[in-house]
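Trainee: model the following, please.
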Amino acid sequence: MKFKEGDKVLFLNEKGGGIVTRVVDEEIVHVSIEDGFEIPYAVGDLLKTGYEEAPTSSQQVEQAAGDSKQSRLKVLTHQAVDIPEAVFLAMVPRNQDQVLAGAMDFYLVNHTAYTMYFSLMVNKSGHFKGIASGTIEPSSRHHLGKVERAEIEDWNHSLLQAVFYQEGKTEPREPVNRHIVFKPVKIYKEESFAFNPLLHQKAYMVEV
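Mentor: Next up is the predicted model:
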């Protein structure tokens with residue numbers, strides 16, 4: 001199913017829905033949810049809808065909105081309790097039912113209260129190659145692209161450089177100049193992929 005900006009969608013694997021704000025490619029789109037966050041989703045996890053296509057009573061609409069808001073509140077509480085404030089490289093299998101097969105989507109996750117300005121380089125046979133740079137808002141993530149499993153070695157010992165900014169009174173954070181190190185064999189172990197509330201999907205998370 002193809003999506004375009006402005007399409008109303010429902011989430012197949014969780015409660016709620018939103019509006020498509022950006023089409024990355026044929027498999028990934030960004031969806032704006034009720035809280036104002038813009039979240040990337042695989043198109044296979046979305047159902048195109050519209051008010052005219054899904055008639056319902058006002059009571060049902062209010063109930064659905066309430067259920068969706070309650071679900072997100074639980075997610076936010078879970079994030080605060082269980083996930084440290086940090087930056088992560090996230091590896092998300094495109095096939096969530098068979099996490100050990102197929103390509104993965106890579107994200108850089110800024111799970112802090114600071115805006116992060118970053119550059120990222122991968123290590124190809126001992127030579128660094130810049131692949132991404134930009135700004136990630138607090139509690140947001142940046143889609144780095146689709147990565148085949150055969151390319152995973154390039155990402156081990158990749159280099160992240162970042163500085164952090166917070167408007168107003170703040171506690172300055174040290175800039176980051178750090179290698180992202182993990183064991184590539186981890187992507188072939190099912191226990192490496194657990195449901196992550198930051199991404200709403202199963203993912204292998206590497207803390208920077």
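
Trainee: and the strands in this structure, which stretches?
Mentor: For the chain, the strands defined by DSSP state E cover 8-11, 17-23, 28-32, 38-42, 46-49, 86-93, 104-111, 115-124, 127-136, 140-147, 158-165, 176-180, 194-196, 201-207.

Trainee: per-residue pLDDT, Lys8?
Mentor: Looking at Lys8, its pLDDT reads 88.

Trainee: for it, name its beta-bridge partners.
Mentor: Ile19, Thr49 (DSSP bridges).

Trainee: distance-wise, check it relative to Arg173.
Mentor: Look at Lys8 and Arg173: by Cβ to Cβ, to the nearest Å, they are 38 Å apart. All C-beta atoms are positioned from the backbone trio N, CA, C, and that covers glycine.

Trainee: then Asp25?
Mentor: Distance, Asp25 to Arg173, by Cβ to Cβ: 33 Å.

Trainee: between the two, which is the more surrounded one?
Mentor: The neighbour count for Asp25 versus Arg173, taken as other Cβ atoms under 10 Å, is higher for Arg173 (16 against 10).

Trainee: Ser32 touches Tyr41, doesn't it?
Mentor: No: assessed by Cβ atoms under 8 Å, Ser32 is found out of contact with Tyr41, at 11.0 Å.

Trainee: touching both of the two, which residues are there?
Mentor: When contacts are counted by Cβ atoms under 8 Å, 6 or more residues apart in numbering, Ser32 and Tyr41 have no shared neighbour.

Trainee: out of those two, which sits in the more crowded spot?
Mentor: Remark: of Ser32 and Tyr41, Tyr41 carries more neighbours, 23 against 14, as counted by other Cβ under 10 Å.

Trainee: and this protein, what are its domains?
Mentor: 8-80, 83-207 (automatic domain parsing).

Trainee: highest mean neighbour count out of those domains?
Mentor: When the domains of the chain are scored by mean count of other Cβ atoms under 10 Å, the highest mean neighbour count falls to domain 83-207 (a mean of 16).

Trainee: and of the domains of the chain, who's closest to Lys2?
Mentor: Closest approach to Lys2 among the domains of the chain (Cβ to Cβ): domain 8-80, 7.4 Å.

Trainee: one step back: and the strands of the chain, which one's lowest on average pLDDT?
Mentor: strand 38-42 (a mean of 79).

Trainee: quick one: strands adjacent to it?
Mentor: Looking at strand 38-42 with DSSP bridges, its partner strands are strand 28-32 (antiparallel).

Trainee: quick one: contacts of the partner strand?
Mentor: Strand 28-32 has contacts (Cβ under 8 Å, 6+ apart) with 3, 9, 17-24, 38-43, 46, 105, 143.

Trainee: nearest residue to His30 other than its sequence neighbours?
Mentor: Setting aside the residues directly before and after it, His30 is nearest to Arg22 in space (Cβ to Cβ, 6 or more residues apart in numbering), at 4.1 Å.

Trainee: that neighbour contacts Glu5, correct?
Mentor: Yes: contact criterion Cβ under 8 Å: Arg22 and Glu5 qualify, at 6.6 Å.

Trainee: the residue nearest to His30 and Gly168, how far apart?
Mentor: Counting by Cβ to Cβ, the gap from Arg22 to Gly168 is 29 Å.
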